[in-house]
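Colleague: coords please:
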Amino acid sequence: MTPPAVVLLVEDSDLTREVLADVLREEGGFLVVEAASAAEGVALLENRPDIAALVADVGLPDLSGVAFARLARERRVGLPIVLVSG
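Modeller: A predicted model of the protein is given here:
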């Protein structure tokens, strides 16, 4: 059996992050690694080579989601990225 793909979820709202993580796990079958800020997300990207995709909030407080996505793509060329806004 193939292990589930790892998705990095970066969302500053605890409730929104919890709901999105549950949907990704239960409906998508993904293993979800959660971060509450862009800074946490960068650290996870640097330390978790198994991250296969990124879901990030557009309105992160420490860095815009678009800027974070660019930074993530520089570190992981070809990383699938979904930006969300709640």
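
Colleague: pull the distance from the longest helix along the chain to the chain's centre.
Modeller: Scanning the chain for the helix with the most residues, using DSSP state H, yields helix 14-26. Here helix 14-26 is found 11 Å from its chain centre; the criterion is Cα atoms, centre = their mean, to the nearest Å.

Colleague: let me know the average pLDDT across whatever helix or strand comes next after it.
Modeller: Later in the chain than helix 14-26, the nearest helix or strand by DSSP states H and E is strand 31-35. Averaged over strand 31-35, pLDDT sits at 98.

Colleague: i'd like the first residue to be 828 from this point on
Modeller: Got it, first residue is 828 now, which makes that one strand 858-862.

Colleague: now do strand 858-862: which elements does it pack against?
Modeller: Applying 3 or more Cβ pairs under 8 Å, 6 or more residues apart in numbering; DSSP states H and E, one finds that strand 858-862 makes contact with strand 833-837, helix 841-853, helix 865-874. Where you see a C-beta, it was placed from the backbone N, CA and C, and this is true even at glycine.

Colleague: which one of those is the most hemmed in?
Modeller: strand 833-837 (a mean of 24; mean count of other Cβ atoms under 10 Å).
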